[in-house]
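1. only geometry, no sequence info:
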């Protein structure tokens, strides 16, 4: 099997932290870039970058691989195929620019959202693609879970003249968290147009915003409603398709489908005849790298390509600009 060399830029929670103890204890969860790369036979970890000396020391002790304080310190002769960018959102674009300018790798896998500023993002990528063939992917993890493929088939079987309806509930920012579900739905229903239906609510994430809105697609209309993370986390949605009802709860850990044939029989929620759709979010980052491996080998992939992520960012940026949100 072909092996692609990798470097992780940012050793915080999603870079290394979430499953640092899990990896040490041989737990099977694979939630970070470092663990996913080390677990997948198609990738090999060569380096990492983080400005925090303590995190670099932890990384070097655990993996016996050199970590650096900044991207420019990575040796130029270290041939790296893939960079995983898990820096704070505000420096995603500058990190990608420095990577492509210095190394021109085969691919960059960037955490979501790719930016808070659509105009800056589109300008950067237009310039980068003029000088480099590097592919950019954005890490909307749920797209790489097999459940999204199953749901895509349910959506495709929707009656041609049926407009799907639904509700989505999110907390902790439209850019950071509603974007997960909007991007996922765009992969099923196509491009979206967003319309605000509330004033902005306070957001715990700097530069982000909370807002209730309607997402309109060609064959779907979904109401997004925000909540307060400190009260309780909300990461769920329900879709009403021509063929039945889909319930996507706990961020995708609990997914159930009820065929229309049973709706009139008043079934007990989430027991038969509700069907559970399997998800594998305990290994979500491994699934992402499996899809990345396909993409690098020219195969069809469920990853969010740069164009997909920019469409999501554009919709949310337009929503913010046409509402009363001004953080």
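-> Structure received. Small disclaimer: the values here were computed from a predicted structure and weren't measured.

2. what distance separates the helix or strand residue 34 falls within from the centre of its chain?
-> Residue 34 belongs to helix 33-39 when assigned by DSSP states H and E. Mean-position distance between helix 33-39 and its chain equals 17 Å (CA atoms, centre = their mean, to the nearest Å).

3. can you map out the strands along the stretch 101-250 of the chain?
-> Taking DSSP state E, counting those that start in this stretch, the strands of the stretch 101-250 of the chain run over residues 107-111, 135-139, 164-171, 193-196, 213-217, 220-227, 235-240, 244-249.

4. and stretch 196-212, what's buried?
-> 196, 200, 203, 205, 207-212 (16 or more other CB atoms under 10 Å). (Each C-beta comes from the backbone N, C-alpha and C, glycine too.)

5. can you redo those residues as CSV with pLDDT?
-> Converted to CSV, the buried residues of stretch 196-212 look like this (pLDDT from 0 to 100):
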residue, pLDDT
196, 95
200, 87
203, 88
205, 88
207, 88
208, 92
209, 93
210, 93
211, 93
212, 96
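
6. between those residues, which is nearest residue 133?
-> Checking the buried residues of stretch 196-212 against residue 133 with CB to CB, the nearest one is residue 207 at 30.9 Å.

7. quick one: contacts for the closest one?
-> Applying CB atoms under 8 Å, 6 or more residues apart in numbering, we find residue 207 in contact with 89-90, 116, 175, 327.

8. with distance to residue 219, neighbour count and pLDDT added, can I get these in TSV?
-> Below are these laid out as TSV (distance: CB to CB, whole Å; neighbours: other CB atoms under 10 Å; pLDDT from 0 to 100):
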residue	distance to residue 219	neighbour count	pLDDT
89	31	21	94
90	36	12	94
116	30	24	94
175	25	24	95
327	33	12	47
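
9. helices and strands around the helix holding residue 34, which ones?
-> Judged by 3 or more CB pairs under 8 Å, 6 or more residues apart in numbering; DSSP states H and E, the packing partners of helix 33-39 are strand 4-9, helix 20-24, strand 43-49, helix 53-63, helix 284-296.

10. deepest of those, which one?
-> Most buried of the helices and strands packed on helix 33-39, by mean neighbour count (mean count of other CB atoms under 10 Å): strand 4-9, with a mean of 24.

11. sheet-wise, list the partners of that one with their directions.
-> The strands beside strand 4-9 in its sheet (DSSP bridges) come out as strand 43-49 (parallel), strand 82-85 (parallel).

12. right, so of these, which gets closest to residue 186?
-> strand 82-85 (21.7 Å).

13. can you list the low-confidence ranges for the chain?
-> 21-27, 324-327 (pLDDT under 70).

14. how does it divide up, domain by domain?
-> With domains defined by automatic domain parsing, the chain comprises 4-142+288-294, 146-279+309-321.

15. reformat those as TSV; add distance to residue 301.
-> Below are the domains of the chain laid out as TSV (distance: least, CB to CB, whole Å):
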stretch	distance to residue 301
domain 4-142+288-294	4
domain 146-279+309-321	11
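
16. among these, which is nearest residue 303?
-> Across these, closest to residue 303 is domain 4-142+288-294 (CB to CB), at 4.6 Å.

17. what about the closest one, start to end distance?
-> Counting by CA to CA, to the nearest Å, you get 12 Å between the two ends of domain 4-142+288-294.

18. any idea how far it is from the chain center?
-> 14 Å.

19. again, but for stretch 285-298
-> Using CA atoms, centre = their mean, the offset of stretch 285-298 from its chain centre is 14 Å.

20. so who does the residue positioned nearest the centre of the chain touch?
-> Using CA atoms, centre = their mean, the residue of the chain that lies closest to the mean C-alpha position is residue 140, 1.4 Å off. By CB under 8 Å, 6+ apart, the contact list for residue 140 reads 112, 179-180, 183-184, 304, 309.

21. distance to residue 66 and neighbour count for those residues - can I get that in a markdown table?
-> Output for these, formatted as a markdown table (distance: CB to CB, whole Å; neighbours: other CB atoms under 10 Å):
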| residue | distance to residue 66 | neighbour count |
| --- | --- | --- |
| 112 | 28 | 22 |
| 179 | 34 | 24 |
| 180 | 33 | 21 |
| 183 | 34 | 24 |
| 184 | 37 | 24 |
| 304 | 31 | 30 |
| 309 | 31 | 25 |
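
22. kind regards, and thank you for your time.
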